[in-house]
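>>> Structure for this input, please:
(chains A and B)
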Protein chains: 2
Amino acid sequence: MKTMSETRAGTGVSPPTKKLQEPTYEGDFVLGEPLLLDCGRALAGVTLHYAVYGRLNAAKDNAVLVCHALTGSALVGSWWPEVFAPGGVLSLDHDFVICINLLGSCYGSTGPGSVDPETGEIYGPDFPLISVRDNVRAQAGLLDSMGIGRLRLILGGSLGGMQALDWTIHAPERVERAVIIGVAPLSAMGLALNHLQRQAIEHDPEWAGGHYLPQRPPQQGLSLARQIAMLSYKSAELFDERFDRRPNRNGEDPWGLDNQGGGLIGGRFDIAGYLDYQGMRFNERFDANAYLAIMRTMDTWDPLRGSGSAEEVFGRIRARLSFIGISSDWLFPPQAVRDFAYTISAAGVDADYREMTSAHGHDAFLAEQAELLRLIE
Amino acid sequence: MKTMSETRAGTGVSPPTKKLQEPTYEGDFVLGEPLLLDCGRALAGVTLHYAVYGRLNAAKDNAVLVCHALTGSALVGSWWPEVFAPGGVLSLDHDFVICINLLGSCYGSTGPGSVDPETGEIYGPDFPLISVRDNVRAQAGLLDSMGIGRLRLILGGSLGGMQALDWTIHAPERVERAVIIGVAPLSAMGLALNHLQRQAIEHDPEWAGGHYLPQRPPQQGLSLARQIAMLSYKSAELFDERFDRRPNRNGEDPWGLDNQGGGLIGGRFDIAGYLDYQGMRFNERFDANAYLAIMRTMDTWDPLRGSGSAEEVFGRIRARLSFIGISSDWLFPPQAVRDFAYTISAAGVDADYREMTSAHGHDAFLAEQAELLRLIE
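Presented below is the predicted three-dimensional model:
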């Protein structure tokens, strides 16, 4: 693939280097009991990889849980550094911040790349469906082990916000406040986008039903999946501003004939070069089976499914909730986030809705942290 | 692929059976001279497949050209029957309607599946880039052969509208009026969507760089490409209304484990079943190389590229233009269509803008013909 050798120096697209916050501790926690999953299976020897920042006080009442989004990691100080900046939401002089890698991910917690203790082989495609609630149950075990009864705050965007809300539903006495960004149950359009991504991976000749060789992962498929996702994380407005209809910056000619003299493919536009580059970068840091696992965690999240009325489900919540929608988000449109917040508020919950104005689309909670933090204050 | 055996009876998704208009004549026209293409190559023995409806009058001043969209055909009476309905835009008592299949397509005009007279072999991936203007030049040759100097009206949506506008720019004396629906040069988001579709086809193990065997076409890839396109032709609102988060109607369980006992894929949601079905249907009617060819025709269309100022390019237009934007279209957003119409109007052209309110997205010009026709009247 020609995309694999490309660099895009000076694109202004990669996040600028920021002062990163180092964790106080980063390590693994192993659950003592098998985790009984919503899908009916039990997962033995569950490992949670986590990071903490700051110090837990003697009263153990200064804990904050940050839940990461789809392909994030426990290192919140690296991907969300500005929450720790002076004047930010969190202060390491006062707060003890915990971030736990999602089950199914490839950043340390148990996932498809882990060894199944029952078979002695890696799970691969046999890794079970993990619900958001399964994650909350496992995370609660880690907090128990730290002696933390109650969280001052839970904070998360996207799949991270889904975890935050599930915490307030399933452990209502343990959460004081939750900030939930860009979240509603995935719409039909969102489910469609994930369906396309799954196919992109499944169609890769190397995928082999998930039994691919570690040295030959389904890179083309994972790249295309990531590119599909990137469209839904950004906005048309941002793409026009950054790329417009310009030819790819490496000098390709979209109006010319291609290298073979034919005309079916041709030179790329700049947006195409950008997307290919994002796909390549994603292959360097993520695993295809893990990606499939966490996509399904997101797809299947719907707090009201089979759980009774909104009053029964959301009525349990004791935390104060703030929902944040992003004006240009078309994966979780602001109207959907607002409607979801209203449904929860109508169930008697102390929930408000705030809107972030940004051209960055769904990614704004990562791309425009300063703006986000102003809203949370 | 499990998608290939599925049927979706009673989906309400396929267009209802309509009274189709039969053409007066359907046939081929062969250009006498090689067609000199904008890309620099010449195409010999160019065939245009076309259909006509009604009769050309003695004065030859009742001709209307309908230009079809990306994967359409010359049989406008089949895909746009309501323009011929009583009270519609066209009347076969008075009008002589011509529709010509695009070059590069697989519905009769010269395309990648045609034999290159120079080599005696099919073009395949060596088929050259065809511009919209190349199509206009070829189409003008067909009209010349019919003795038609001037068109009363040109009508087209999407890539059809791009042809309509190019007619008014490059043959200004030959067009009286043009109705152009859902058109602007493709945005960065539009280019991105086509880039994803190309990759879906290129990644198919059967594609073989475009030299696939007729009995083993890249069906998975073409299906995925079509599914990506379907997202951009419809709207999130329509998907929510039709599919919401329901499981696939065949009884699959998105929350269950899949057939192999693993949890990476799982049962499909209804929107996924719909998309797979659309991909399967598209494989029955379209060729992958032809699809790549016409996508590139659309990608590269930009009347202002290398042609001077808007005043110089659009100032040539003599026709009266009407642009129509569709409220829920996110492939060609109504604001973009309106801005494009204003740019053309500001160049001194008699151009107006009208907006169609519809939840159907870009496809509304095909899905809600009655509403469209009310706007054109």
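
>>> The closest residue to chain B within the stretch 1-150 of chain A: what's its closest spatial neighbour, skipping adjacent residues?
Using C-beta to the nearest C-beta, the single residue of the stretch 1-150 of chain A nearest to chain B is residue A:129, 3.5 Å away. For every residue, glycine as well, the C-beta is placed using N, CA and C. Computed as C-beta to C-beta, 6 or more residues apart in numbering or on different chains, the closest residue to residue A:129 that is not its neighbour in sequence is residue B:263, at 3.5 Å.

>>> ok, the one you found touching residue A:131?
No: contact status for residue B:263 versus residue A:131: not in contact, 10.2 Å apart, counting by C-beta atoms under 8 Å.

>>> Those two: which is more packed in?
Ranked by neighbour count (other C-beta atoms under 10 Å in any protein chain shown), residue B:263 and residue A:131 place residue B:263 first, with 26 against 20.

>>> ok, the more buried one to residue A:290 distance?
In this view, residue B:263 and residue A:290 are 12 Å apart by C-beta to C-beta, to the nearest Å.

>>> related to what we said a few turns ago, got the contact list for the residue nearest to residue A:129?
Residues counted as contacts of residue B:263 (C-beta atoms under 8 Å, 6 or more residues apart in numbering or on different chains) are A:39, A:41, A:126, A:127, A:128, A:129, A:130, A:293, A:296, B:257.

>>> can you rerun that using 10 Å?
Residue B:263 is in contact with A:37, A:39, A:41, A:104, A:112, A:123, A:125-130, A:292-293, A:296-297, A:300, B:256-257, counting by C-beta atoms under 10 Å, 6 or more residues apart in numbering or on different chains.

>>> Of those, grab the buried ones for PyMOL.
In PyMOL, a selection of the buried entries from those looks like this (16 or more other C-beta atoms under 10 Å in any protein chain shown):
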select buried, (chain A and resi 37+39+41+104+112+123+125+126+127+128+129+130+292+293+296+297+300) or (chain B and resi 257)
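
>>> Next step: the contacts of residue B:263 restricted to helices.
Assigned to helices by DSSP state H, the following of those qualify: A:292, A:293, A:296, A:297.

>>> Return the member of those nearest to residue B:215.
Proximity of the ones in helices among the contacts of residue B:263 to residue B:215 was ranked by C-beta to C-beta; the top entry is residue A:292 with 31.4 Å.

>>> sec struct for the closest residue in space to the closest one that isn't next to it in sequence, please.
In this structure, residue A:292 finds its nearest non-sequential neighbour in residue B:264, 4.2 Å apart by C-beta to C-beta, 6+ apart. Look at residue B:264: counting by DSSP: H, G, I helix; E, B strand; the rest coil, its state is coil.

>>> Strands of chain A, start to end?
Using DSSP state E, the strands of chain A run over A:25-30, A:35-36, A:42-43, A:47-53, A:63-67, A:96-100, A:153-157, A:177-181, A:320-326, A:351-356.

>>> Turn those strands into a markdown table, including distance to residue B:324, mean neighbour count and mean pLDDT.
What follows is those, written out as a markdown table (distance: least, C-beta to C-beta, whole Å; neighbours: other C-beta atoms under 10 Å in any protein chain shown; pLDDT from 0 to 100):
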| stretch | distance to residue B:324 | mean neighbour count | mean pLDDT |
| --- | --- | --- | --- |
| strand A:25-30 | 57 | 14 | 98 |
| strand A:35-36 | 56 | 16 | 96 |
| strand A:42-43 | 55 | 18 | 94 |
| strand A:47-53 | 54 | 22 | 98 |
| strand A:63-67 | 45 | 27 | 98 |
| strand A:96-100 | 50 | 26 | 98 |
| strand A:153-157 | 38 | 27 | 97 |
| strand A:177-181 | 37 | 25 | 97 |
| strand A:320-326 | 30 | 23 | 97 |
| strand A:351-356 | 31 | 18 | 97 |
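
>>> so residue A:289 touches residue A:104, yeah?
Yes: between residue A:289 and residue A:104 a contact is recorded at 8.9 Å, counting by C-beta atoms under 10 Å.

>>> what sits in contact with each of these two?
Contacts common to residue A:289 and residue A:104, judged by C-beta under 10 Å, 6+ apart, are A:111, A:112, A:113, A:123, A:127, B:264.

>>> Kindly provide the distance from the fourth one to residue A:100.
Spatial separation of residue A:123 from residue A:100 under the definition C-beta to C-beta is 19 Å.

>>> what do you get for the third one?
When distance is defined by C-beta to C-beta, residue A:113 is 17 Å away from residue A:100.

>>> What of the last one?
Shown here: residue B:264 relative to residue A:100, a distance of 22 Å by C-beta to C-beta.

>>> all helices of the stretch 151-300 of chain A, in order?
Ranges of helices within the stretch 151-300 of chain A are A:159-170, A:188-202, A:219-233, A:236-242, A:270-285, A:288-299, based on DSSP state H, counting those that start in this stretch.

>>> Which of these sits closest to residue B:210?
Closest to residue B:210 of those, according to C-beta to C-beta: helix A:219-233, at 16.5 Å.

>>> is that closest one anywhere near chain B?
Yes: counting by C-beta under 10 Å from any C-beta of the partner chain, chain B is contacted by helix A:219-233 at A:220, A:221, A:223, A:224, A:225, A:227, A:228, A:230, A:231, A:232.

>>> Please check these and keep the buried ones.
A:220, A:221, A:223, A:224, A:225, A:227, A:228, A:230, A:231, A:232.

>>> got a list of what the second one touches?
With contact set as C-beta under 10 Å, 6+ apart, residue A:221 has these partners: A:197-207, A:212, A:279, A:283, A:288, A:291, B:199-200, B:203.

>>> 7 Å - rerun?
Neighbouring residues of residue A:221 by C-beta atoms under 7 Å, 6 or more residues apart in numbering or on different chains: A:200, A:201, A:203, A:204, A:207, A:288, B:203.

>>> Mind putting those into JSON lines with neighbour count, pLDDT and distance to residue A:249?
Below are those laid out as JSON lines (neighbours: other C-beta atoms under 10 Å in any protein chain shown; pLDDT from 0 to 100; distance: C-beta to C-beta, whole Å):
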{"residue": "A:200", "neighbour count": "30", "pLDDT": "98", "distance to residue A:249": "25"}
{"residue": "A:201", "neighbour count": "27", "pLDDT": "97", "distance to residue A:249": "28"}
{"residue": "A:203", "neighbour count": "22", "pLDDT": "95", "distance to residue A:249": "29"}
{"residue": "A:204", "neighbour count": "23", "pLDDT": "95", "distance to residue A:249": "27"}
{"residue": "A:207", "neighbour count": "22", "pLDDT": "94", "distance to residue A:249": "31"}
{"residue": "A:288", "neighbour count": "25", "pLDDT": "98", "distance to residue A:249": "29"}
{"residue": "B:203", "neighbour count": "22", "pLDDT": "95", "distance to residue A:249": "24"}
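
>>> Go through the residues you listed and say which is closest to residue B:351.
Nearest member of those to residue B:351, counting by C-beta to C-beta, is residue A:200, at 40.6 Å.
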